[in-house]
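In: Predicted coordinates and the sequence they were generated for:
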Amino acid sequence: MKSRFIAGALALSVIAVSSPGLADDPNDPLLSKSAAARAKDKAIIRQLNINELNHVRARDAGYAQDWQAYREQPARQAEYERERAAYEKKMAAWREAVRRCRAGDYSYCDN
């Protein structure tokens, strides 16, 4: 029973997908009768294409920014590593000062 349902649903989906589309069909009786209808259809399709072009350009501009950031990442990574090394050096000096202060060398207690 379940397999028949699945087979039926699959058959209906194949029929729905394989049916021809009527959008912008030159043999469409509504468009072939009226020049105004053809002009309106052409204007609508042109606007849809312009909208899609704007969308694709905006998307590609975002991709370009992402790629630029990706290409700049090694320089940022190197800068981060330099800053991190300087921080670790300062922390090591501070820890050493704390160790000496606690050991009784009070000249390191002011750091």
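Out: Perfect, thanks for sending it. A quick note: this is a predicted structure, and the numbers were derived from the prediction, not measured.
In: ok, now how distant is Lys40 from Gln47?
Out: The gap separating Lys40 from Gln47 is 11 Å, by CB to CB, to the nearest Å. C-betas here are computed from N, CA, C, even on glycine.
In: Would you mind listing the buried residues in stretch 75-92?
Out: By neighbour count, and taking 16 or more other CB atoms under 10 Å as the criterion, stretch 75-92 has no buried residues at all.
In: then it to PDB, C-alphas only?
Out: Taking Å, rounded to 0.1, in the frame of the first residue of the first chain, the C-alpha atoms of stretch 75-92 are listed here in PDB:
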ATOM      1  CA  ALA A  75      49.000  39.500   6.500                       C
ATOM      2  CA  ARG A  76      46.500  39.800   9.300                       C
ATOM      3  CA  GLN A  77      47.500  36.500  10.700                       C
ATOM      4  CA  ALA A  78      51.200  37.500  10.700                       C
ATOM      5  CA  GLU A  79      50.300  40.800  12.500                       C
ATOM      6  CA  TYR A  80      48.300  38.800  15.100                       C
ATOM      7  CA  GLU A  81      51.200  36.500  15.700                       C
ATOM      8  CA  ARG A  82      53.600  39.400  16.200                       C
ATOM      9  CA  GLU A  83      51.200  41.100  18.600                       C
ATOM     10  CA  ARG A  84      50.600  37.800  20.400                       C
ATOM     11  CA  ALA A  85      54.400  37.200  20.800                       C
ATOM     12  CA  ALA A  86      54.900  40.700  22.200                       C
ATOM     13  CA  TYR A  87      52.000  40.000  24.700                       C
ATOM     14  CA  GLU A  88      53.500  36.700  25.700                       C
ATOM     15  CA  LYS A  89      56.900  38.400  26.200                       C
ATOM     16  CA  LYS A  90      55.400  41.000  28.500                       C
ATOM     17  CA  MET A  91      53.400  38.400  30.400                       C
ATOM     18  CA  ALA A  92      56.500  36.300  30.900                       C
END
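In: could you give me the average pLDDT of it?
Out: Per-residue pLDDT values over stretch 75-92 give a mean of 93.
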